[in-house]
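*Asks:* Here you go, sequence then predicted model.
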Amino acid sequence: MGTSEAVLQVLSGAGPRVFGSDPCFSPSDSTCALNLHLKCSRRRASRCFEFLKCSSMLQYRDRRLSSGFFGNTKVDPSWLQNCKCQKAESVSGVTTEDGNGTWFVDNSKMLDPIDTMVNASNVLEFQDLQQLKRENEGLTSNGTNGAVSDTFDNISVDSIEDEAWELLRESMVYYCGSPIGTIAAKDPTSSSTLNYDHVFIRDFIPSGIAFLLKGEYDIVRNFILHTLQLQSWEKTMDCHSPGQGLMPASFKVRTVPLDGDDSATEEVLDPDFGEAAIGRVAPVDSGLWWIILLRAYGKCSGDLSVQERVDVQTGIKMILRLCLADGFDMFPTLLVTDGSCMIDRRMGIHGHPLEIQALFYSALLCAREMLAPEDGSADLLRALNNRLVALSFHIREYYWIDSRKLNEIYRYKTEEYSYDAVNKFNIYPDQIPPWLVEWIPNKGGYLIGNLQPAHMDFRFFSLGNLWSVVSSLATLDQSHAILDLIEAKWVDLVADMPLKICYPALEGQEWQIITGSDPKNTAWSYHNAGSWPTLLWQLTVACIKTNRPEIAARAVEIAEKRISRDNWPEYYDTKRGRFIGKQARLFQTWSIAGYLVAKLLLADPSKAKILITEEDSELVNAFLSANPRRKRGRKNLKQTYIV
């Protein structure tokens with residue numbers, strides 16, 4: 001009897017009653033059999049062959065097998081060590097005869113009676129399951145067809161999650177035998193790795209959050225402590241060193257020979273602060289993400305000993321001093337150059353890009369929460385609090401745009417010199433782009449991408465807006481308005497693959513001038529309004545923060561239709577995100593991790609608190625009492641902060 005026939009007999013009630021008197025398995029309810037602990041996971045045959053090889057099994061011997069590919073099944077490491085390269089069919093009873101895609105049965109999730117029914121092969125062919133699904137569509141008359149369809153959908157979603165976890169663990173990097181991070185991408189279709197085999201600070205954040213939510217804390221702890229050791233490493237470009245406290249953009253584990261002994265080797269961490277990257281731009285966001293991840297680790301694991309360490313406290317202070325240092329700028333926002341964040345190529349975001357300001361605000365709140373109360377931190381905390389108040393007022397007041405504010409800008413007077421000027425930045429109404437007049441909805445709004453004298457970047461940048469919601473940089477009303485806009489402009493921002501990194505794209509002469517005719521950032525591609533699946537996790541946190549998780553769930557459902565089939569691309573092209581990016585890497589780690597974090601948080605929204613920062617009452621009161629139009633006066637030298 002074939003496997004599918006045996007299952008069909010059970011479904012129809014004709015098979016042996018191996019389930020005793022369980023009322024779930026009455027002939028009148030043929031769908032209940034699909035609700036057993038029989039979990040089918042679809043695997044690409046190539047990956048299964050790779051995993052089942054003896055060498056691959058040995059590779060996973062010491063890597064937390066109990067929480068890895070074997071589910072809850074305890075695997076004896078000695079069994080792997082003693083593996084004699086037997087045929088793949090003998091491993092866990094799984095066969096790999098069909099290379100066209102197979103539904104593999106996870107033995108650790110099976111009931112014993114099922115084992116006697118499914119025979120020794122323990123394999124359900126994908127074609128058989130499809131036939132089973134078609135035959136069960138005839139059950140509509142008794143109202144069970146919907147349950148069968150939902151069960152098959154759940155099987156498909158489970159297989160995508162299983163595949164994502166498998167790929168995420170395959171991307172793990174080890175240093176001296178311990179996990180330390182995940183590489184940016186492991187694309188087997190590309191012969192040129194470039195720097196995608198590095199561990200990037202910003203790219204690891206969703207991976208780290210995924211591991212934290214899964215209860216695997218070691219890799220995140222190791223990442224935090226080892227990247228701290230790389231802070232302000234001796235790196236130079238043209239005899240110039242970066243500022244003290246700078247975190248690297250990425251690092252790579254290299255094996256080098258020991259001095260004086262070519263036969264012996266050691267592993268070293270080689271950081272990149274931007275001196276080897278395209279454009280040679282130092283990363284501003286690395287240190288900010290590091291602080292955010294440090295807080296998330298403490299909140300999720302309950303291990304506060306890491307953030308209390310002297311070296312970690314020193315690392316936090318160095319980042320803060322670098323960001324809070326006095327300069328020539330009159331604004332509370334951080335002044336940075338193009339390419340210093342997720343958009344790491346020339347895209348006209350130089351100045352005060354929203355993404356950096358949102359991360360800056362979030363990092364300040366996280367750091368204030370973690371800094372140990374001591375005399376040496378008093379001045380730093382005072383400067384930090386003052387910056388939080390000024391930054392929140394500046395962004396909420398001057399970056400916000402909705403239909404009412406747009407009409408106000410449309411009627412701006414220019415060349416105003418007084419302290420009571422309405423048009424403080426001398427914005428010319430003609431700067432309002434024609435697309436925005438038609439695009440802005442009556443309900444909803446967003447924070448613009450950049451603000452400088454006589455310049456407003458009206459583009460919508462997803463990460464900056466979403467993290468403004470998460471960090472409470474945006475007010476509660478503004479946060480809901482941002483999600484209202486995403487819903488209203490769903491076709492433009494989500495469409496066939498979430499989520500646009502920015503909107504709209506630069507085109508024509510504007511693209512030539514602003515990007516320098518960048519061939520990778522052509523219209524509706526890459527950073528120029530491409531669609532990035534990794535943004536799913538930020539969208540999910542923002543939706544949970546505002547108690548609107550259904551928006552994120554809808555976006556995740558859209559991504560699930562394609563992302564696995566497309567081999568987890570880095571980004572998608574075209575207005576609707578229909579095509580895989582023309583230069584996109586496949587099996588991009590943060591696309592994989594972003595999906596997993598979104599799924600984990602939607603399953604348990606309470607866990608999002610490790611990332612969310614709430615605005616405290618003291619900051620709100622200080623913000624309400626702030627007077628941005630106070631007259632100039634001599635700076636009180638007694639209140640100078642040591643930063």
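*Replies:* Sure thing, it's come through.
*Asks:* How much space separates I205 from E397?
*Replies:* 29 Å (Cβ to Cβ, to the nearest Å). Glycine gets a C-beta too; all of them are placed from N, C-alpha and C.
*Asks:* Which one's more surrounded, those two?
*Replies:* Neighbours per residue, other Cβ atoms under 10 Å: of I205 and E397, the larger number sits with I205, 27 against 11.
*Asks:* Surely the more buried one is in contact with W289?
*Replies:* Yes - the pair I205 / W289 is scored as a contact, 5.2 Å apart, by Cβ atoms under 8 Å.
*Asks:* longest strand of the protein?
*Replies:* Counting residues, the longest strand in the chain under DSSP state E turns out to be strand 261-272.
*Asks:* What are the boundaries of the helices in the stretch 101-250 of the chain?
*Replies:* 112-118, 126-136, 145-170, 201-213, 218-229 (DSSP state H, counting those that start in this stretch).
*Asks:* Oops, could you answer that again for the stretch 301-450 of the chain instead?
*Replies:* Under DSSP H, counting those that start in this stretch, the stretch 301-450 of the chain gives helices at 305-308, 310-324, 354-370, 378-394, 403-410, 434-439.
*Asks:* Give the buried residues for the third one.
*Replies:* Okay, so that is helix 354-370. Within helix 354-370, the residues scored as buried using 16 or more other Cβ atoms under 10 Å are 354-368, 370.
*Asks:* Show me what that helix packs onto, helices and strands only.
*Replies:* Helix 354-370 sits against helix 285-301, helix 310-324, helix 378-394, strand 445-452, helix 462-470, with contacts defined as 3 or more Cβ pairs under 8 Å, 6 or more residues apart in numbering; DSSP states H and E.
*Asks:* Any idea how far that helix is from the middle of the chain?
*Replies:* 17 Å (Cα atoms, centre = their mean, to the nearest Å).
*Asks:* Any chance of CSV for the helices and strands packed on helix 354-370, columns mean neighbour count, mean pLDDT and distance to Q512?
*Replies:* Output for the helices and strands packed on helix 354-370, formatted as CSV (neighbours: other Cβ atoms under 10 Å; pLDDT from 0 to 100; distance: least, Cβ to Cβ, whole Å):
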stretch, mean neighbour count, mean pLDDT, distance to Q512
helix 285-301, 23, 97, 27
helix 310-324, 18, 95, 34
helix 378-394, 18, 94, 32
strand 445-452, 23, 97, 19
helix 462-470, 27, 98, 24
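*Asks:* could you dump the ones you listed to a markdown table with distance to V157?
*Replies:* Shown next, in a markdown table, are these (distance: least, Cβ to Cβ, whole Å):
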| stretch | distance to V157 |
| --- | --- |
| helix 285-301 | 24 |
| helix 310-324 | 38 |
| helix 378-394 | 39 |
| strand 445-452 | 31 |
| helix 462-470 | 24 |
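*Asks:* Ok, which of the ones you listed comes nearest W439?
*Replies:* Checking those against W439 by Cβ to Cβ gives strand 445-452 as the closest, at 10.6 Å.
*Asks:* Which residues outside that closest one are in contact with it?
*Replies:* 333, 348-349, 351-354, 395, 398-403, 405, 425, 456-461, 464-465, 468, 474, 478, 481-482, 484-485, 502 (Cβ atoms under 8 Å, 6 or more residues apart in numbering).
*Asks:* Same question for stretch 306-321.
*Replies:* So stretch 306-321 is in contact with 221, 224-225, 228, 231-232, 244-245, 247, 287-288, 290-291, 294-295, 297-298, 363-364, 367, 370-372, 377, 380, 384, 643, going by Cβ under 8 Å, 6+ apart.
*Asks:* With stretch 291-298 instead?
*Replies:* With Cβ under 8 Å, 6+ apart, stretch 291-298 has contacts from 204-205, 208-209, 212, 217, 220-221, 223-224, 303-304, 306-307, 312, 316, 319, 359, 362-363, 366-367, 369-370, 610-611.
*Asks:* Run the chain-centre distance for stretch 299-313.
*Replies:* Counting by Cα atoms, centre = their mean, stretch 299-313 comes out at 23 Å from the chain centroid.
*Asks:* Can you show me the CA trace of that stretch as CSV?
*Replies:* Taking Å, rounded to 0.1, in the frame of the first residue of the first chain, the C-alpha atoms of stretch 299-313 are listed here in CSV:
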residue,chain,number,x,y,z
LYS,A,299,15.9,42.2,28.6
CYS,A,300,15.5,38.9,26.8
SER,A,301,18.0,36.7,28.6
GLY,A,302,17.8,38.4,32.0
ASP,A,303,21.6,38.4,32.1
LEU,A,304,22.4,42.0,33.1
SER,A,305,26.0,41.1,34.0
VAL,A,306,27.1,41.8,30.4
GLN,A,307,25.9,45.4,30.4
GLU,A,308,27.3,45.9,33.9
ARG,A,309,30.9,44.9,32.9
VAL,A,310,33.4,47.7,33.1
ASP,A,311,34.5,47.3,29.5
VAL,A,312,30.9,47.3,28.2
GLN,A,313,30.1,50.4,30.3
